[in-house]
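Novice: Predicted model and sequence below, questions to follow.
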Amino acid sequence: MIKKLALHPDRLFSSNVNIRKVARSLYQVVKDLPILSPHGHTDPSWFSENKAFKNATDLLIKPDHYVFRMLYSQGIPLEDLGIQTAGDNKVEKDDRKIWHTFARHYYLYRGTPSRMWLDMVFSEVFGFDLVLCEKSADDYYDKINAALVTDAFKPRALFERFNIEVLSTTESPLNDLAHHLAINASGWRGRVISAYRPDPVIDPDFVGFVSAIRRFGEITNEDTSTFCGYLSAHRKRRDYFKSTGVTATDHGHPTAQTAYLDRQAIETLYATVISGLASPQEAELFRAHMLTEMAGMSIEDGLVMQLHPGVFRNHNQAIFERFGYDKGADIPVQTHFTEQLKPLLDKYGVNPNLTLILFTLDETSYARELAPLAGHYPCLRLGPPWWFNDSPEGMRRFRQQTTETAGFYNTVGFNDDTRAFLSIPARHDMARRMDCNWLAELVCEHRLDIDEAEELAIDLSYRLAKKVYKL
Amino acid sequence: MIKKLALHPDRLFSSNVNIRKVARSLYQVVKDLPILSPHGHTDPSWFSENKAFKNATDLLIKPDHYVFRMLYSQGIPLEDLGIQTAGDNKVEKDDRKIWHTFARHYYLYRGTPSRMWLDMVFSEVFGFDLVLCEKSADDYYDKINAALVTDAFKPRALFERFNIEVLSTTESPLNDLAHHLAINASGWRGRVISAYRPDPVIDPDFVGFVSAIRRFGEITNEDTSTFCGYLSAHRKRRDYFKSTGVTATDHGHPTAQTAYLDRQAIETLYATVISGLASPQEAELFRAHMLTEMAGMSIEDGLVMQLHPGVFRNHNQAIFERFGYDKGADIPVQTHFTEQLKPLLDKYGVNPNLTLILFTLDETSYARELAPLAGHYPCLRLGPPWWFNDSPEGMRRFRQQTTETAGFYNTVGFNDDTRAFLSIPARHDMARRMDCNWLAELVCEHRLDIDEAEELAIDLSYRLAKKVYKL
Amino acid sequence: MIKKLALHPDRLFSSNVNIRKVARSLYQVVKDLPILSPHGHTDPSWFSENKAFKNATDLLIKPDHYVFRMLYSQGIPLEDLGIQTAGDNKVEKDDRKIWHTFARHYYLYRGTPSRMWLDMVFSEVFGFDLVLCEKSADDYYDKINAALVTDAFKPRALFERFNIEVLSTTESPLNDLAHHLAINASGWRGRVISAYRPDPVIDPDFVGFVSAIRRFGEITNEDTSTFCGYLSAHRKRRDYFKSTGVTATDHGHPTAQTAYLDRQAIETLYATVISGLASPQEAELFRAHMLTEMAGMSIEDGLVMQLHPGVFRNHNQAIFERFGYDKGADIPVQTHFTEQLKPLLDKYGVNPNLTLILFTLDETSYARELAPLAGHYPCLRLGPPWWFNDSPEGMRRFRQQTTETAGFYNTVGFNDDTRAFLSIPARHDMARRMDCNWLAELVCEHRLDIDEAEELAIDLSYRLAKKVYKL
């Protein structure tokens, strides 16, 4: 007999009856608020083309590195999961077989957020009432595939059903945003915007950096062989992004290092980096300087700046060589904000037009550095628990470690940061539940009044994201 | 209608009924114990002169960087809060207007310890029963000001009402302690002592260091142009402090680095630092050496040594230039105790006459370094959660992360470290409640017996501070 | 009147009634499972010779640095506790007097795991029903000593009574494993195996390293003056260990640094280190390279590899000079896994025959580095909370910070890592209770189903250790 799949209405709430009761009442206030998703990685073509998704494996396993990294960690080769290789290695083509492998190992996700998101997708999006296992694998696979070809499961229909008010994707400055323009022109009311992610033309360590700089010049009609032309290219491209509805930039750097070089020094450094010969130190210094330039441009054009530092990308050399980027092999490292942000803050930290949202994978910086920084500098805000920390325990630690010093109003609500489109409601639901539970704890320990908690629940679920991201 | 202000008798206790019941009973044992405040920054002239405080804004907002940093972080200029600038910038003079700004933004403190301290001051010290908000702002302002001019709200009367047994302030070696002498001579029974804080004559990076060294020589009649005379000046000044009732020294260094140079090396280094030309490395080495010298003198004279490392002071350059020190712009950094304390511990770590109390803003060192160090070295004790960590969650983490390795008896009870005099009872009350709650958790999980918990509650609230600080 | 000693049947479970009820039911499933102790430091001669233990002080105080470090931290000299010195300092010989000192200071252990382990030993192993204190000290001392001479308290009888299925000790490659061979040959059914701990012949900073290398060659009949011969010596000795039943190696390094040098570079480096003239950097590089070599050999011979980095050994210089190693003066430092393990992982990280179990004393690496690494690399597993973290709060933090990213199945169950033989059941009991409690929390917050929790309880208590350690 296959086990029942039933989402408990009180899931994620404390089992303490007092807290649970308050959490439940707070959750009632926010559970149906529209979703603001100001930071993510869905594919805009889904919404411009509105084609049906291919099948369960293609939609739920292959693009989700949270899902396949766990299987890989227990010895299942990525090839067996249909992950496309760079070379001509043998990759499993039978998507049903891959689905079975996934189902057979579904127990590995016990206690992980992936399990809760997946169960919620299975239950609420597809209506399953038995859990995924080897025995139910075929039924799942067939029913999901059958649903996906129907109109109700096309991207725009799901977007509407999910009650998404704004969905942000993330694109390179070299992207023409054709899909976003098409969506805007289509008459469809869904709001899908991009974010300006200039890493490919700012990070000299990015594969293809030199040619990206050349292309950047062509697109903008600027002479990117000079630093002055390069800055103009950024300005033009930011304006272009902004003209399509974009409100934010996004910066994924190895560290939070910032710098501000004098004009001659940065021009010399720029000449080095676009020659493709920058040393690691020079590459770091260039990224550091450019964060400060980006802050300056944000002050000019009002785009909200997001910084995601502290990941060692593509840590597994063999996997990187065979499969490329984003294969679950990005591993966090220590991150130092206090010293590293100072050059940027010295230059722009007190400018009232700057908003800089900080994310971290190094939770030790929450109480020690991030909350004190955000609890002082007017330009700084704390992004929600990010990536590995986007989980019940991660959310709990975030609030426990930032609230007392930064308060609630120096945070920016939740963002899902995902490429797993179907999991968006599940992720926001998890965040709302965990925030309501945290507020309920404060209420039950008489550290916060219930009327304040209700106001805060809405702020954390909706209003702060709307305000800080200028949505 | 304005919301009621009512402090719940069980505030800060777990909402688990079993824990709450035990916490409540433990709290009954300690709630009325006298307050020992062996580390703080109140102004001794308050108690020597016993003049009335000026008004609500001057007493509760302007000196409290916890309070104004939050307002500043949300875009309210410090000038609008009446914070005095170094230059001639326009600063708000209307204290009632400042009070209104504060009241209007009181929601920003939700979930912060400042909110709980302020509410307790409003309720218990001034008797308010409606919360502070825009509508109640005038009533608050008027009633507080009216109270402050009465005898019952003069500093000595409040000191007595607060049941303070000992209050320690902190002074530079250059201070003549005139206020402390006046208090001692006044016949008033209140015990207000100082602590020897030699940073201005130990830290070459301190503004005015070179002239402070000269002045240090004049005061002590020692030749501070030689290292030998400089050490003698310390000895004399420590003796002087001690003669007024002082029992402790306090050292606020950027890092926990210690060192012990041979005589020739330190004499050469001293010559460099008093020339005002020390490099950052030399300044660090001098501070490091001097911590070891201070430990040596503590062994001689019995003064308890306190070390507070790990803060990047005056991080906001613009604010520092305009407003100076202590404007809420001090941001913690990582702190390394294991390696950095070794030179001092190699020299004096097993001397039974040394007591060195360690504080940190880097909570990662609690379980990893501080508890193992304090659970081994006879001279080491752990100070309470400090500064940003002086909060319910900070206190909880401190006990969770230190108790199992260091036990309770290598900690030193609470100290409030505050310049906000009126908040002292609120802060000690918070600490007592949180400690009682932690003990209650242990009792309810059968990790501690109730009779032991009662003894510990008194130890943590009173006896440990009395013993370790030699009060 | 002396206080009762009674172990509560629900100790360590949450006082939340819902969680407690579930935890209790899960605990029933696992409490009587056999003990697998795949990593520890008991003395194999106990089991080969099966002689009676000497007395209470000799068994419970002198070998347990958890116990005597706390007494030392409160000013009791190690000499007074009978700890043997290197020189001829006066050491207390009266074991009864030492026992009294311990009993008088038993309150110091309040809130520590040592207290819970000791109470469980006193209650369950020896049957005491009054707590240890000054008044009961003699009774304790006499009764324990009387028991120890009986057959039921001889090492093998206790081993059987404790329901130990496998007990691993740890030996140097220079050890002949005579005791293990004797046990194997004795016909006694108890399974006591060793682990290959090559630090004395891998770490150039180890006292006696140069002569150990020579001895290593003699034992193996290899020319350890060459790197090639040195590697062969390892291979032979690993084979020898394996032939006695060994399944694992163990590596205690100051850092997690790994490296892989080319043949010429490592041969040159080897010549330097065996000359005894290696600089600290060269010693570190040699250890780093050898971790990678050991991983390579583990792939060949199948021995499971364990790495315990991040301790500053013998931090207290005076104690080290007088008393030597393992005197409670080992203090953790920050540990960096992401960068430091990369060379080893680049070489062997995707090899399906490697198992590398990682331990840490730096809990900040749990969520940031260890869980992401173990949740990706097929060869990596997370060891249980280690040393100072082998405690209720430490276990809770381990699960809270690793489960969501690494899942449960990239962890390896519990190991006690102890030389305190009598405490082994108490330690495993604590781990089982804490894991059941964590699972119960997940169940009660509807993050895990009860049937999954039951399966996991058995996995965490027994099956994972059995599988990963190849027992």
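Specialist: Everything's here; your move. Numbering: from 1, shown residues only, chains lettered A, B, ... in the order given.
Novice: As a check, name the ranges of all strands in chain A.
Specialist: Taking DSSP state E to define them, one finds strands in chain A at A:35-37, A:164-168, A:192-193, A:248-251, A:304-307, A:311-312, A:331-332, A:356-358, A:380-382.
Novice: Helices of the stretch 301-450 of chain A, start to end?
Specialist: Ranges of helices in the stretch 301-450 of chain A, per DSSP state H, counting those that start in this stretch, are A:317-323, A:342-348, A:364-365, A:371-374, A:392-406, A:424-444, A:450-458.
Novice: which of the ones you listed sits most buried?
Specialist: Highest mean neighbour count of those: helix A:371-374, a mean of 28 (counted as mean count of other Cβ atoms under 10 Å in any protein chain shown). Yep, even glycine has a C-beta here, placed from its N, CA and C like the rest.
Novice: Need the mean per-residue confidence for that one.
Specialist: For helix A:371-374, mean pLDDT rounds to 98.
Novice: tell me what that helix is packed against?
Specialist: Counting contacts by 3 or more Cβ pairs under 8 Å, 6 or more residues apart in numbering or on different chains; DSSP states H and E, helix A:371-374 packs against strand A:380-382, helix A:392-406, strand B:331-332.
Novice: picking up where we left off before, which one of the strands of chain A is the most hemmed in?
Specialist: strand A:331-332 (a mean of 28).
Novice: That strand and chain B, are they touching?
Specialist: No: using Cβ under 8 Å from any Cβ of the partner chain, strand A:331-332 stays clear of chain B, with a minimum separation of 14.6 Å.
Novice: That strand pairs with which strands, and in what direction?
Specialist: Strand A:331-332 has its sheet partners listed here by DSSP bridges as strand A:311-312 (antiparallel).
Novice: Please work out which residues outside the strand it pairs with touch it.
Specialist: A:252, A:254, A:330, A:331, A:332, A:333, A:361, A:387, C:338, C:339, C:342 (Cβ atoms under 8 Å, 6 or more residues apart in numbering or on different chains).
Novice: In this structure residue A:366 contacts residue A:359, no?
Specialist: No: with contact defined as Cβ atoms under 8 Å, residue A:366 does not reach residue A:359; the gap is 11.1 Å.
Novice: Looking at the strands of chain A, spot the one closest to residue B:174.
Specialist: strand A:380-382 (36.8 Å; Cβ to Cβ).
Novice: just checking, what packs against that closest one?
Specialist: By 3+ Cβ pairs under 8 Å, 6+ apart, strand A:380-382 packs against strand A:356-358, helix A:371-374.
Novice: who touches the longest one?
Specialist: Residues from elsewhere that reach helix A:371-374, judged by Cβ under 8 Å, 6+ apart: A:337-338, A:341, A:358, A:380-382, A:401-402, A:404-406, A:410-411, B:73, B:315, B:330-332, B:388.
Novice: switch to 7 Å and redo it
Specialist: With contact meaning Cβ atoms under 7 Å, 6 or more residues apart in numbering or on different chains, helix A:371-374 is reached by A:337-338, A:380-382, A:401-402, A:405-406, A:410, B:73, B:331-332, B:388.
Novice: Pull the most distant pair out of those residues.
Specialist: Using Cβ to Cβ, the two most remote members of the contacts of helix A:371-374 are A:381 and B:332, lying 18.9 Å apart.
Novice: Could I get the contacting residues of the closest residue to residue A:458 other than its chain neighbours?
Specialist: Closest residue in space to residue A:458, ignoring its immediate chain neighbours: residue A:30 at 6.0 Å, by Cβ to Cβ, 6 or more residues apart in numbering or on different chains. Contacts for residue A:30 (Cβ under 7 Å, 6+ apart) come out as A:432, A:436, A:457, A:458, A:461.
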